[in-house]
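Enquirer: here is a sequence together with a model predicted from it:
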Amino acid sequence: MKRCIYHHPHPISPDPGTGSALRPHKMLAAFRALGYEVSEITGYSRERKEKIRAVKKLIEDGVEFDFLYAENTNDPVMLSDADHIPRHPCMDFSFFKFCSHNKIPVGLFYRDIHWKFPIFKSAASLPKRMVLTPLFGYDMMRYKKLLDVMFLPTEMMRKYVLPDINFAELPPGGDPNPAILEEKLGRSPAADGKLRVFYVGSLSELYDNKKLFCAVKNTDGVYLTVCTKENQWQAVRGDYEPYMCDRISIVHKSSGELAPYYREADIFACCLDNDEYLDMAMPLKLFEALSYGTPVLATDIRSVSEFVSREGIGWVAKSDAGEISAVLERLRDDPREIAEKTKNTVKAAGRNTWRDRAARAAEILTEIKNKKEPKK
């Protein structure tokens with residue numbers, strides 16, 4: 001029987017509404033779909049303590065586990081409780097060490113290294129940063145000693161973490177719906193002369209979409225629908241008013257309400273400004289677009305644009321309103337190119353699922369197990 005341990009220092013939401021909650025939920029389900037009997041060590045610290053005790057007992061009784069796979073959060077490990085009180089500061093690292101000493105390989109997905117970038121300075125006060133930064137650094141040092149492999153969303157993120165940790169790339173995945181993909185293949189893009197573009201995500205200083213808005217405003221026949229949180233839109237609305245027109249619509253929908261927008265869209269937009277932090281990011285929404293068979297127009301933010309080019313699922317433009325407009329105009333006038341990219345996107349959806357990601361993690365960790373020696 002295949003067995004694994006799944007660690008996440010938050011409760012697993014059955015109906016995740018954010019990217020940070022979605023990935024742990026999807027990866028857990030994917031390991032189970034692969035046939036693993038999963039022992040969960042999830043929840044806040046008191047709950048994890050009980051679960052750790054139970055799993056340790058199983059290991060001591062001779063139950064064999066193939067690996068431990070962990071998903072971290074955006075908080076330091078010892079502050080991961082909802083109130084950020086460090087009730088059991090060394091518990092999780094101690095358990096990782098216990099597993100390693102029992103020849104169970106330990107892999108962890110490190111989702112974000114925002115604390116090394118200006119975004120952290122703008123999001124957290126100086127006193128808060130003075131507490132959090134050393135704790136993030138402490139986590140990294142413990143990971144260096146305890147992990148057999150650190151999974152990262154993109155190759156580019158390697159240079160921002162400790163160089164002598166063993167790394168593997170493990171981007172997000174998707175949940176393709178065969179019926180929707182078939183429907184997408186059967187439709188004629190921009191058949192009525194209207195090119196429909198969809199963007200879903202944040203609107204903020206970092207996630208600046210003004211060049212996309214400007215490009216759409218300046219390109220007749222192109223229609224843009226933007227789905228973002230209402231409070232975010234209200235906060236930036238004044239900045240975007242000069243770029244608005246009657247072909248741009250703003251909607252506020254939850255993730256479960258997006259299917260009609262993806263179905264209607266000819267193109268999904270990922271047209272952000274060049275930024276070092278965004279260069280190493282791999283948005284969940286990119287893979288959601290794949291799952292709906294919607295090709296992607298990306299600006300030259302590095303990891304996303306390289307993925308789009310490598311998979312043949314869309315187009316890459318410079319982060320410039322004129323360049324974006326030129327691509328939109330070309331596609332509006334010759335939508336056959338969209339149909340071809342849609343075919344590629346549907347194919348890519350089938351090889352970029354959450355199950356594929358879990359299988360890759362399991363493969364890497366099982367390989368390590370086959371040659372693992374106890375750590376001292």
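Expert: Received the coordinates, thanks. As the structure is a computational prediction, the values presented were derived from the model and not from experiment.
Enquirer: which helix runs longest in the protein?
Expert: What stands out as the longest helix in the chain, according to DSSP state H, is helix 126-146.
Enquirer: which stretches in the stretch 101-250 of the chain count as strands?
Expert: Assigned by DSSP state E, counting those that start in this stretch, the strands in the stretch 101-250 of the chain fall at 106-109, 149-152, 167-169, 195-200, 222-227, 248-251.
Enquirer: and the stretch 251-376 of the chain, by the same measure?
Expert: Applying DSSP E, counting those that start in this stretch to the stretch 251-376 of the chain gives strands spanning 267-270, 296-299, 314-317.
Enquirer: most packed of the ones you listed?
Expert: Of all the strands of the stretch 251-376 of the chain, strand 267-270 has the most neighbours on average by mean count of other Cβ atoms under 10 Å, namely a mean of 26. (C-beta placed from N, C-alpha, C; glycine too.)
Enquirer: export it to CSV, keeping only CA atoms.
Expert: Output in CSV follows, covering the C-alpha atoms of strand 267-270 (Å, rounded to 0.1, in the frame of the first residue of the first chain):
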residue,chain,number,x,y,z
ILE,A,267,-7.8,35.3,-24.6
PHE,A,268,-6.7,35.5,-21.0
ALA,A,269,-4.6,38.5,-20.1
CYS,A,270,-1.5,38.4,-17.9
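Enquirer: what are the structural domain limits within this protein?
Expert: 3-173+353-370, 178-350 (automatic domain parsing).
Enquirer: and the last one, how far from the chain's centre?
Expert: On the basis of Cα atoms, centre = their mean, to the nearest Å, the separation between the geometric centre of domain 178-350 and that of its chain is 17 Å.
Enquirer: isn't Val226 up against Val251?
Expert: Yes. Under the criterion of Cβ atoms under 8 Å, Val226 makes contact with Val251 at 7.2 Å.
Enquirer: which of these two has more residues huddled nearby?
Expert: Using other Cβ atoms under 10 Å, the more surrounded residue of Val226 and Val251 is Val226, with 23 against 15.
Enquirer: give me the pLDDT for the more buried one.
Expert: We have a pLDDT of 98 for Val226.
Enquirer: let me see the contact set for Ile59.
Expert: Listed by Cβ atoms under 8 Å, 6 or more residues apart in numbering, the contact partners of Ile59 are 65, 98-99, 102, 104.
Enquirer: reformat these as CSV; add neighbour count.
Expert: Below are those laid out as CSV (neighbours: other Cβ atoms under 10 Å):
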residue, neighbour count
Phe65, 22
Phe98, 17
Cys99, 23
Asn102, 14
Ile104, 24
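Enquirer: so which of those residues belong to helices?
Expert: 98-99.
Enquirer: please identify which of the contacts of Ile59 is nearest to Lys343.
Expert: Nearest to Lys343 among the contacts of Ile59, counting by Cβ to Cβ, is Phe65 at 41.5 Å.
Enquirer: so what pLDDT did that closest one get?
Expert: Value listed for Phe65 in the pLDDT field: 97.
Enquirer: was I right to think it contacts Arg3?
Expert: Yes. Counting by Cβ under 8 Å, Phe65 touches Arg3, with 4.8 Å between them.
Enquirer: shared neighbours of those two, anything?
Expert: With Cβ under 8 Å, 6+ apart, Phe65 and Arg3 have common neighbours Ser39.
Enquirer: count the residues that sit near the nearest residue to Pro295 once chain neighbours are set aside.
Expert: For Pro295, ignoring the flanking residues on the chain, the nearest one in space by Cβ to Cβ, 6 or more residues apart in numbering is Lys341 at 3.9 Å. For Lys341, the neighbour count with other Cβ under 10 Å is 26.
Enquirer: what's the answer for Glu40, then?
Expert: 15.
Enquirer: specify the local secondary structure of it.
Expert: Following DSSP: H, G, I helix; E, B strand; the rest coil, the label given to Glu40 is strand.
Enquirer: turn the strands of the stretch 251-376 of the chain into CSV, columns for distance to Arg23 and mean pLDDT.
Expert: CSV is the format used below for these (distance: least, Cβ to Cβ, whole Å; pLDDT from 0 to 100):
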stretch, distance to Arg23, mean pLDDT
strand 267-270, 18, 97
strand 296-299, 20, 97
strand 314-317, 23, 97
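Enquirer: let's have those in CSV, adding distance to Val197.
Expert: Below are the strands of the stretch 251-376 of the chain laid out as CSV (distance: least, Cβ to Cβ, whole Å):
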stretch, distance to Val197
strand 267-270, 5
strand 296-299, 7
strand 314-317, 12
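Enquirer: surely Pro89 is in contact with Ser80?
Expert: No. The criterion here is Cβ under 8 Å, and Pro89 misses it with Ser80 at 10.3 Å.
Enquirer: residue closest to the middle of this structure?
Expert: Geometric centre of the chain, nearest residue: Leu284, 3.8 Å, by Cα atoms, centre = their mean.
Enquirer: hang on, the earlier thing: for the longest helix of the chain, buried residues please.
Expert: 132, 135-136, 139-140, 142-143, 146 (16 or more other Cβ atoms under 10 Å).
Enquirer: could you dump the helix or strand hosting Leu28 to PDB, C-alpha only?
Expert: Under the criterion of DSSP states H and E, Leu28 resides in helix 19-33. Extracted in PDB, the C-alpha atoms of helix 19-33 (Å, rounded to 0.1, in the frame of the first residue of the first chain):
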ATOM      1  CA  GLY A  19      -4.700  30.800  -4.000                       C
ATOM      2  CA  SER A  20      -2.900  30.300  -0.700                       C
ATOM      3  CA  ALA A  21      -5.700  28.000   0.500                       C
ATOM      4  CA  LEU A  22      -6.400  26.400  -2.900                       C
ATOM      5  CA  ARG A  23      -3.000  24.800  -3.500                       C
ATOM      6  CA  PRO A  24      -2.900  22.800  -0.200                       C
ATOM      7  CA  HIS A  25      -6.400  21.600  -0.800                       C
ATOM      8  CA  LYS A  26      -5.700  20.500  -4.400                       C
ATOM      9  CA  MET A  27      -2.400  18.800  -3.600                       C
ATOM     10  CA  LEU A  28      -3.900  16.800  -0.800                       C
ATOM     11  CA  ALA A  29      -6.800  15.700  -3.000                       C
ATOM     12  CA  ALA A  30      -4.300  14.800  -5.800                       C
ATOM     13  CA  PHE A  31      -2.200  12.500  -3.600                       C
ATOM     14  CA  ARG A  32      -5.400  10.700  -2.600                       C
ATOM     15  CA  ALA A  33      -6.400  10.500  -6.300                       C
END
